[in-house]
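>>> pasting the structure only:
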Ligand code: GLY
Ligand code: MN
Ligand code: MN
């Protein structure tokens, strides 16, 4: 889908409308990260920067000055350079910054030290992402001190420094229709990858070979990056929450847990499915799987505007605790077990997180010490799990089984829409898919 210049303009206008009347905002790009020697990691723009610009190149700086007549939106970026472009590809350049990205004015990034102190002078407030980019923090203080040295000439340095993140992150938390379309694309690609993998998995396959099925589908569909490193864990490895070695053989009779999502135009999908390596769940695997599935379905069902952030989690905890009591894995009264957090030995993470440009997306979870209420346009994951490692204090028959089921859910006006609903998750659906 094509970048929509107008969408980014609306976001900048919304942000500027929330800033003080005599203020200035700065947002630098993410630094380039070295991988080894002269090889860098593939560049990924900072999500805040992308959110208000759509600009994907490194070495740039956004300056917003609401109400400034000559230019409210200034983009400092790399200049065009025939030789560098011959080697590394096209640069937008200064003209492109205005024509393609809607900047009112643009300057070479190499000129920031000459130009920015003048733009900062006589502004009351400076908004910027404090403490996120050490190099930029130092630069800003240098510019500030330069202005302080000018006071005798009548200049006035800014006096108030405000964290830009909070304002911007509250905006990012509520997804608009264009963003939802992109998130649906990321979800659809990821769903197809999981379906492909469920059909392809075989005993004795290496975990990385199964991972390759995902990567193939992602890249073929234009999602060149994953939203986070894929977790492909068979048997005991499914109990290691952040397992990414993905280098062991998958065994018949084991489950494999795959947590893999594509990043599409910088938007993340985050899906987990757990399925049998040989295409059939064992009786014990079914018993545990059904508990997680019931917990996940009930948690999703509760999602609508006005419920609190932790309501789905509490619903999942209730069903998981009850399920563990029924299987005699936990003993005692449900109420007391929940109060004591007995489930945490086997379900040690929360039921979800915000999702968006970042897989663990921005936005507060609490407002004034209360769990936040859900609102239309928020997107969250719902991902309960049960993990029984060989250390777990349970009967041997449950050991080395790890199960998580994770979907991506949009809060709508009167309920919710599961962006990843096309992906099978009941025992019958998964077995049918794997054996057809
Ligand atoms: N894939 C990271 C998570 O589920 O939170
Ligand atoms: Mn997640
Ligand atoms: Mn996940």
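Cool, got the structure. All of these numbers come straight from a predicted model, not from anything done at the bench. Ligands and ions are numbered 1, 2, ... in the order given.
>>> alpha carbons only for contacts and neighbour counts from here, please
Will do.
>>> got the buried residues for stretch 25-34?
25, 26, 27, 28, 29, 30 (16 or more other C-alpha atoms under 10 Å).
>>> and which of these is nearest ligand 3?
Nearest to ligand 3 out of the buried residues of stretch 25-34 is residue 30 (C-alpha to the ion; 23.8 Å).
>>> before we move on, what SS does the closest one have?
Secondary structure, DSSP: H, G, I helix; E, B strand; the rest coil: residue 30 is coil.
>>> pLDDT wise, what is it at?
Looking at residue 30, its pLDDT reads 93.
>>> residues touching it, list them.
Listed by C-alpha atoms under 8 Å, 6 or more residues apart in numbering, the contact set of residue 30 reads 44, 45, 46, 58, 59, 133.
>>> Relative to residue 81, how far out is it?
For residue 30, the distance to residue 81 equals 21 Å [C-alpha to C-alpha, to the nearest Å].
>>> got the contact list for residue 109?
Residues near residue 109 by C-alpha under 8 Å, 6+ apart: 59, 60, 61, 76, 77, 78, 79.
>>> Can you give me the pLDDT of it?
For residue 109, the model assigns a pLDDT of 98.
>>> count of neighbours near residue 433?
14 (other C-alpha atoms under 10 Å).
>>> part of a helix, is it?
Yes - using three-state DSSP, the assignment for residue 433 is a helix.
>>> Does it touch residue 199 like I think?
Yes - using C-alpha atoms under 8 Å, residue 433 makes contact with residue 199 at a distance of 6.8 Å.
>>> Give the buried residues for stretch 410-421.
410, 411, 412, 415, 416, 417, 418, 419, 420.
>>> Next step: these restricted to strands.
410, 411, 416, 417, 418 (DSSP state E).
>>> Let's have those in TSV, adding distance to ligand 3 and pLDDT.
Below are those laid out as TSV (distance: C-alpha to the ion, whole Å; pLDDT from 0 to 100):
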residue	distance to ligand 3	pLDDT
410	16	99
411	19	99
416	19	99
417	18	98
418	15	99
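>>> Remind me what the helix or strand hosting residue 126 packs against, helices and strands.
Applying DSSP states H and E as the criterion places residue 126 in strand 125-128. Packing partners of strand 125-128 (3 or more C-alpha pairs under 8 Å, 6 or more residues apart in numbering; DSSP states H and E): strand 23-28, strand 160-163, helix 164-173.
>>> Please identify the deepest-packed of the ones you listed.
strand 23-28 (a mean of 22; mean count of other C-alpha atoms under 10 Å).
>>> other SSEs contacting it?
With 3+ C-alpha pairs under 8 Å, 6+ apart as the test, strand 23-28 has strand 61-64, strand 125-128 packed against it.
>>> Quick one: the helices in the stretch 151-300 of the chain, in order.
Counting by DSSP state H, counting those that start in this stretch, the stretch 151-300 of the chain has helices at residues 164-173, 177-200, 207-220, 283-301.
>>> List the buried residues in the third one.
Spelled out, it's helix 207-220. Buried residues in helix 207-220 (16+ other C-alpha under 10 Å): 207, 208, 209, 210, 211, 213, 214, 215, 217, 218, 219.
>>> Return the closest of those residues with respect to residue 372.
residue 218 (33.6 Å; C-alpha to C-alpha).
>>> Check whether that closest one really touches residue 190, as I assumed.
Yes - counting by C-alpha under 8 Å, residue 218 touches residue 190, with 6.9 Å between them.
>>> Need the residues touching each of those two.
residue 262.
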